[in-house]
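Visitor: Dropping the sequence and predicted coords here.
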Amino acid sequence: GVQRAGADTPSVLNVIHTRDTPPTYIKVNKLTESFQGLNDAYGVPRYQELNPGIFYVVTYSFLFGIMFGDMGHGTIMFLGALFLVLFEKRFEGKKLNDIIAPAYSGRYVLLLMSMFSIYCGAVYNECFGCALIPFSYWEVDCGDGG
């Protein structure tokens, strides 16, 4: 390699044997950053382990929607999260107060949670705690005595 490169001095390569594991680097983007923070709260995966943070994007949001299934509240939350996503350039680099800062850093988490909340609210027939359809399937009397 030295002769091919035309160098006068040989390169030095020392192999260091160690039992230490290399650090874990997890590449994130704007969407997965907040979900990776939730994953890191439970623990950082070791080197060459599967990172469960990518599964949080769907499962965490869907489980929130199951617990908070309401179309009305989900819509309000969706509009607030959509505002933070659409105008994120305005907030970027600014000092935000203690209420807006966590919402801004988790804006994509809020957006997905609110979408699943609207979906589950439609399944539950729930809008601001009231039923949209005045009756549900379970209340219909089919006349068969059952």
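Guide: Looks like it came in fine. Numbering: from 1, shown residues only.
Visitor: what does stretch 47-59 contact?
Guide: With C-beta atoms under 8 Å, 6 or more residues apart in numbering as the test, stretch 47-59 has contacts from 21-24, 26, 31-32, 35-36, 38-40, 45, 112. In this view, the C-beta of every residue, glycine as well, is placed from N, C-alpha and C.
Visitor: Just the terminal-to-terminal distance for it.
Guide: Start-to-end span of stretch 47-59 (C-alpha to C-alpha, to the nearest Å) is 24 Å.
Visitor: Show me how far that stretch is from its chain's centre.
Guide: Chain-centre distance of stretch 47-59: 11 Å, with C-alpha atoms, centre = their mean, to the nearest Å.
Visitor: Report the mean per-residue pLDDT for that stretch.
Guide: Stretch 47-59 shows a mean pLDDT of 85.
Visitor: circling back to that earlier point, now, the contacts of stretch 47-59 that are in helices?
Guide: Cross-referencing the contacts of stretch 47-59 against helices under DSSP state H gives 32, 35, 36, 38, 39, 40, 112.
Visitor: which pair in those residues spans the largest distance?
Guide: Spanning the widest gap among those are 40 and 112, at 18.3 Å by C-beta to C-beta.
Visitor: okay, these two: which has more neighbours?
Guide: It is residue 112, of residue 40 and residue 112, that has more neighbours when counted by other C-beta atoms under 10 Å, with 23 against 13.
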